[in-house]
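Peer 1: Just to be clear, the model below is a prediction. Sequence and coordinates:
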Amino acid sequence: MTGLTQQVAAILGISQVVTWEDHSTDPLGQRWPGAISPHTSLPEAIAYPETTAALAELMVCAHKEGWRVLPCGHGSKIAWGCPVQPCDLWVSTHRLNQTIDHAVGDLTLTVAAGAHFQAVQTQLAATGQFLALDPAYDRTATLGGIVATGDAGALRQRYGGVRDQLIGLSLVRYDGQLAKAGGRVVKNVAGYDLMKLMTGAYGTLGILSQLTFRTYPLAEASQTVVMVGGLEVMSDLLAAVRRSSLTPVKLDLLSAQLLQDLDLGEGLGLAAQFQTIAAGVAEQVARLQDLAQPYGVSSQRLEAAAETHFWQGIQQQMHPQPVTPADPAAEPAIVAKVGVKPMEAIALIATLTGPLPTARIRLHGSSGIGWVRVAADALSASDVATLRGHCQDHGGYFTLLEAPIALKQTADPWGLAPDVKRLMGRLKAQFDPQNRLSPGRFGAL
Amino acid sequence: MVTQLNAAQTQRDWRPIVQAFELALGPRSVTRRKEELLVYECDGLTSYRQRPAVVVLPRTTEQVAAVVKICDRHNVPFVARGAGTGLSGGALPLADAVLIVTAPMNQILKVDLDNQRVTVQPGVINNWVTQAVSGAGFYYAPDPSSQSVCSVGGNVAENSGGVHCLKYGVTTNHVLGLKLVLPNGDIVEIGGTVPEQPGYDLTGLFVGSEGTLGIVTEITLRILKAPEVISVLLADFTSVEAAGAAVSAVISAGIIPAGMEMMDNFSLNAVEDVVKTDCYPRDADAILLIEIDGLPAEVAASRDRIEALCKANGARQVTVATEPEERLRLWKGRKAAFAAMGKLSPDYYVQDGVIPRTQLPYVLQEIAHLGEKHGYRVANVFHAGDGNLHPLILYNNQVPGELEQVEALGGDILKLCVQVGGSISGEHGIGADKRCYMSEMFSETDLETMQWVRASWNPKGLANPTKIFPTPRTCGEGAKSLTGQELGGKRGEPLEGVERF
């Protein structure tokens, strides 16, 4: 045991430190090297503090010793973005996972940042509530990781992004001090909105320790309509749905490969999920089917187990979750978060599936945000530049979250605008003046 | 470190600065004449007044940038002002500062119905946005009560809410991108026309920053499809607890109404005295107004469900309105609540606090106690769905000392909100009014961390100094008399014809 590990063990206790080698048995462990620049030293250890006080004390020590720290949750998305510069220590909030307060009547939930997404949903469901998030890797994701990556999923159609649901937080700063912002009420304009700043900051500005979300009541009824047709007709149909008064909670465009994976027919898919009181669901489904009828697309209605199976199936195709280290689901791929103006979404799918017919693409019909998943060798750096240019021409972005390190080193994963980079740099200089938290995650700021 | 620039007026030589402004904007867009400055002495928080040194009225992003660059070069602080309807003194001028008024920047720059986006200049009035797109069946959701006169730029600065934010969110949930002038005069663009742009959420950080991070000059907004059917229910209760329980029952049933408003006995009687709606029973302890929207069958089913839930929780009577005139009649009293208070009393003071909704019965009791203790009666109107409380205190500003007493009562109410786990502002902002209560809610470390944000974009502290954050000078021992002399003390008139709720 080296000096650093001993120091961490002295603060946290030996059971809360794991050496890097001991992690090889974790099914997610295969992803972790992707988080670090190659040919650099590995971290000595991963610290698992179990209380906020211990986390703060650890960070006081890290600050004093000048350690570079990579904050993480369970590590399911640890390889997203630029590989970080070598870090001395990883700090996981995975065991900092207590529910602090579920104010049932107020529809708010306060949890420690490492709370596990699925455990929280199960707990909330018992009171007829849920978090309106539908993130990648939902079996392993922690809420802290979901916030740090801003990964809301398809429910943003109705409920907005993570940023729109996070109403309060505490974080441990680079110097080990504990700071909070927001509160536990759904409407609050006191002070700067650090919830927005921390959402999608990838642990570069502090370590999230406590989070408060607004929760929503589980709907009485739910149904999904999946429509399948050719590119052109689907484009007209999407426009018609967007112009209508329908209020789906999810509205996803699905590429041909995804439909094939799920055995749903040939063509482009448009899936709309409705969740409200039973009369409302029935009305909306009937309206949508009437609206789709003239377009001659095939349409099927899913409910109960078939509906759950369908949405889980899409998640599993887009973000497969390995169960063992040898699981083929752990095979590398290129996964990009993309955005375009909503009416350009179908053109983007066409642009991608022309050369790459097996691309798995899921775009949200209202926001124009979504995911692209292709084989690890499917895109070159110049392809990324072309695709990014296409998305940026339509108001959006093409962010390379998962990709072989070689590609991330030649193609800028983020493509940040110079203004944005400059302003981010100024914030980073205040929140982490020595650049020791997730250093290099956004490239050089 | 952010410099504090709220010092008493210095012996600044304004001539070269004004000359530079005139060169950049033309002489007609620069005002120094005392009588013309009068109108800019205060915003909607009329009890605080301060004449600015100079007022400038830019018309383009480039002109705003030129003005701010001149301020930066001469180290002159500046305050941005939109329509001046804010209720927390966020646009309160400083004696030694330039007031930059964005009201003349009132063009709707782009309407993109296909992608449901609208880009506006900051001086565009909130409900012009809806007017511009309503023909095509769309609307802009955030609807602060002053929406017929307040500007979108001001809404962005204060992160304004409104009656319908329970279901549709506040300003920050509808702003996609901004063009802004940083406090050093640089023009930058953040966010975009698509949400969740890569990198930090700078747009989210900027919205609600109360003019301390820069001046917004273009705003891209999300618009929504207008609902097909709207229904309003009015239910009256013989206890506040019962009304509160009905609110919880509705939400627990999985129904999220577009808005849920509560008025207590004092406010509804004030309304009946003045507006005579003849629909609010005077003997009710509380009334609820619940608005639902959507497709016809869903609205009808929700309406029946809500009616049953209200009755199950002790509602004496439930009235339902679906036709526009009928709906307006039920809403009329609520919308006129503040104005009614203005008619009953020479002055009224409105507070803006938030509580966890379930704490409502306790909080209302405590507010009544605090009122008795201070010797004032407090009326309560309440965005019940999201726990945003607007206590109204009637007083007479002509009587020396009354404003101070009422402010002390308002402060006690805010402390109560924090005690039960709430916030000192739900939608009006901190501004000049509530900065001294920030320490009730946030520790020194919390505030220092927030100041990092300010220091990063506003290192010289020139953008809207003294707002939001407490300082020993403004909030420490002996600050009271200073505040009285510097900021208040002068008799204020409420803005005419502007609804507040």
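Peer 2: Yes, it's here.

Peer 1: hey, let's count contacts and neighbours off CA atoms from now on
Peer 2: Noted.

Peer 1: Touching, residue B:349 and residue B:397? I think so.
Peer 2: No - counting by CA atoms under 8 Å, residue B:349 does not reach residue B:397; the two are 9.9 Å apart.

Peer 1: What pLDDT is listed against the nearest residue to residue A:352 once chain neighbours are set aside?
Peer 2: Distances taken as CA to CA, 6 or more residues apart in numbering or on different chains put residue A:359 closest to residue A:352, at 7.2 Å, once the chain neighbours are dropped. As predicted, residue A:359 sits at a pLDDT of 97.

Peer 1: Please apply the same query to the one 10 residues further on.
Peer 2: Residue-level confidence at residue A:369 comes out at 97, pLDDT.

Peer 1: Beta-bridge partners for it, please?
Peer 2: Per DSSP bridges, residues listed as beta-bridge partners of residue A:369: residue A:339.

Peer 1: after the host helix or strand of residue B:167, next one along is what?
Peer 2: According to DSSP states H and E, residue B:167 maps onto helix B:165-168. Sequence order places strand B:175-181 as the next helix or strand after helix B:165-168, per DSSP H and E.

Peer 1: Reduced to three states, what does the residue nearest the centre of chain B come out as?
Peer 2: When CA atoms, centre = their mean is applied to chain B, the residue found nearest the centroid is residue B:428 (3.0 Å). Recorded secondary structure, residue B:428: coil (DSSP: H, G, I helix; E, B strand; the rest coil).

Peer 1: now it: how far from chain A?
Peer 2: 8 Å (CA to the nearest CA, to the nearest Å).

Peer 1: quick one, phi psi at that residue?
Peer 2: Here is the backbone geometry of residue B:428 (degrees, to the nearest 10): phi -90, psi -20.

Peer 1: and it, what does it touch?
Peer 2: Residues near residue B:428 by CA atoms under 8 Å, 6 or more residues apart in numbering or on different chains: A:189, B:86, B:87, B:88, B:158, B:160, B:352.

Peer 1: what pLDDT does the fifth one get?
Peer 2: Predicted confidence (pLDDT) for residue B:158: 97.

Peer 1: residue contacts, it?
Peer 2: Residues near residue B:158 by CA under 8 Å, 6+ apart: A:189, B:86, B:90, B:207, B:208, B:209, B:210, B:427, B:428, B:429.

Peer 1: Find the nearest non-adjacent residue to it, please.
Peer 2: residue B:208 (4.4 Å).

Peer 1: Could I get the buried residue list for the helix or strand containing residue A:10?
Peer 2: Element membership for residue A:10 (DSSP H and E) is helix A:3-12. Going by neighbour count (16 or more other CA atoms under 10 Å in any protein chain shown), the buried part of helix A:3-12 is A:4, A:5, A:7, A:8, A:9, A:11, A:12.

Peer 1: quick one: the second one and residue A:43 touch, right?
Peer 2: No - counting by CA under 8 Å, residue A:5 does not reach residue A:43; the two are 10.2 Å apart.

Peer 1: rewinding a little: which strands and helices sit next to the helix holding residue B:167?
Peer 2: Other helices and strands packing on helix B:165-168, by 3 or more CA pairs under 8 Å, 6 or more residues apart in numbering or on different chains; DSSP states H and E, are strand B:259-264.

Peer 1: Mind listing residues that contact the strand it packs on?
Peer 2: Here strand B:259-264 makes contact (CA under 8 Å, 6+ apart) with B:163-167, B:240, B:243, B:247, B:285-292, B:334, B:379-385.

Peer 1: Just list the residues touching the closest residue to residue B:114 other than its chain neighbours, thanks.
Peer 2: Sequence neighbours aside, residue A:343 is the residue nearest to residue B:114 in space, at 6.7 Å (criterion: CA to CA, 6+ apart). Going by CA under 8 Å, 6+ apart, residue A:343 touches A:239, A:368, B:114, B:115.

Peer 1: try residue B:301
Peer 2: Contacts of residue B:301 by CA under 8 Å, 6+ apart are A:277, A:279, A:280.

Peer 1: That's all I had, so thanks and see you.
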